[in-house]
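J.: Sequence plus the predicted model coming up.
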Amino acid sequence: MDGKKIHIGKLIQTFVKENRINSAELARNIGKTRQNVYDLYKRDDVEVKLLLTISEVLNHNFFEDIYPQEKSDIGLDQVFDVLKELVVDRISKVNCGGV
């Protein structure tokens, strides 16, 4: 990576604010309390499973935001490509009513 630290909580919070998403509704949809979501916004890292759930619920691939396609480190690209595919697959299932 380029040494630039990404604050995932702020990334999620910005997305939520820009899209006028209610934090309480987000909390319900991810099985957390509203306070958990507010605490999440303060965190600079998030577990992959939780980020996958948030990506599904918000219909947005945060993995792509964290690690854009143009990065060239092949080893990490392969790992993130798998994660990105999982997110896209799970989001499409949610949109089709499959999950």
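T.: Here it is on my side, so go on.

J.: Can you find the helix or strand in the chain with the smallest mean pLDDT?
T.: helix 74-95 (a mean of 73; mean pLDDT, DSSP states H and E).

J.: got the buried residues for that helix?
T.: Neighbour-count burial for helix 74-95 flags F80, L83, K84, L86, V87, R90, I91 (criterion: 16 or more other C-beta atoms under 10 Å). C-beta here means a position set from N, CA and C on the backbone, and glycine is covered the same way.

J.: May I ask which helix or strand encompasses the nearest residue to R43 once chain neighbours are set aside?
T.: Nearest in space to R43, with sequence neighbours left out and distances taken as C-beta to C-beta, 6 or more residues apart in numbering, is G9 at 4.2 Å. Applying DSSP states H and E as the criterion places G9 in helix 8-18.

J.: Who are the packing partners of the helix or strand that that helix is followed by?
T.: Downstream of helix 8-18, the next assigned helix or strand under DSSP H and E is helix 23-30. Of the remaining helices and strands, those touching helix 23-30 by 3 or more C-beta pairs under 8 Å, 6 or more residues apart in numbering; DSSP states H and E are helix 34-42, helix 48-58.

J.: Cool, thanks, signing off.
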